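Engineer: Requesting a structural model of the entry that follows:
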Amino acid sequence: MTTCTVDQVTPGPADIDSAHEALPHIKAYLAQHSQETVRLVVDDDQDEALEVPRPAVELLARILAHMAAGESVSLVPTHAELTTQQAADLLHVSRPFLIGLLEAGEIEYRTVGKHRRVKVESLRQYLRADDRRRRDAADELSALSQEMGLT
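Structural biologist: Residues are numbered from 1 along each chain as shown. Sure thing, here's the model as predicted:
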């Protein structure tokens, strides 16, 4: 496997406005139509249309939602392998903290020469497990609060 470049798109004010304007139209279309492909027609060329898989349009709607909120967006294939810095950036942690997670066995990785490579799917598995741990801890705190009569 090869490493992946993680290109980030940071929307400017015009991009945010454009995404904000387009998003409701795409959502409405998807809600009203259930076909497997979506036919896109460019405004300046009515004769030529492009057939796009529905999941691609659904992904576009999610991208536009993030852009409309002013958030940067990256698209990373799930099979991609990332450098430790790229993986740390995606998790919003420092590289040394990520390396600690790797060495503790929290996230799967492989070494290429002396370099570590992390699959995006391994990061997703870690995030799902971390979310589960957080939910369990919150549930436990809530139960303790109820037992102690604090709520």
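Engineer: How far away from the center of its chain is the strand or helix carrying Ala61?
Structural biologist: Ala61 belongs to helix 54-68 when elements are defined using DSSP states H and E. Its chain's C-alpha centre and that of helix 54-68 lie 11 Å apart, by C-alpha atoms, centre = their mean, to the nearest Å.
Engineer: And the average pLDDT for the very next helix or strand once past that helix is what?
Structural biologist: Past helix 54-68, further along toward the C-terminus, the next helix or strand under DSSP H and E is strand 73-74. Averaging pLDDT along strand 73-74 yields 88.
Engineer: what residues does strand 73-74 touch?
Structural biologist: Under the contact criterion C-beta atoms under 8 Å, 6 or more residues apart in numbering, strand 73-74 has outside partners 6-9, 11, 63, 66-67, 90. Placement of C-beta: from N, CA and C, glycine included.
Engineer: Low-confidence ranges, this structure, go.
Structural biologist: Counting by pLDDT under 70, the low-confidence segments of the chain come to 1-6.
Engineer: so where do the helices sit in it?
Structural biologist: 13-32, 54-68, 84-91, 95-103, 120-147 (DSSP state H).
Engineer: In the last one, which residues are buried?
Structural biologist: Put plainly, it is helix 120-147. Applying a neighbour-count criterion of 16 or more other C-beta atoms under 10 Å, the buried positions in helix 120-147 are 120, 122-123, 126.
Engineer: So what angle separates the directions of the helix holding Ala61 and helix 13-32?
Structural biologist: When axes from the mean of the first three to the mean of the last three C-alpha atoms, to 10 degrees is applied, the directions of helix 54-68 and helix 13-32 differ by 140 degrees.
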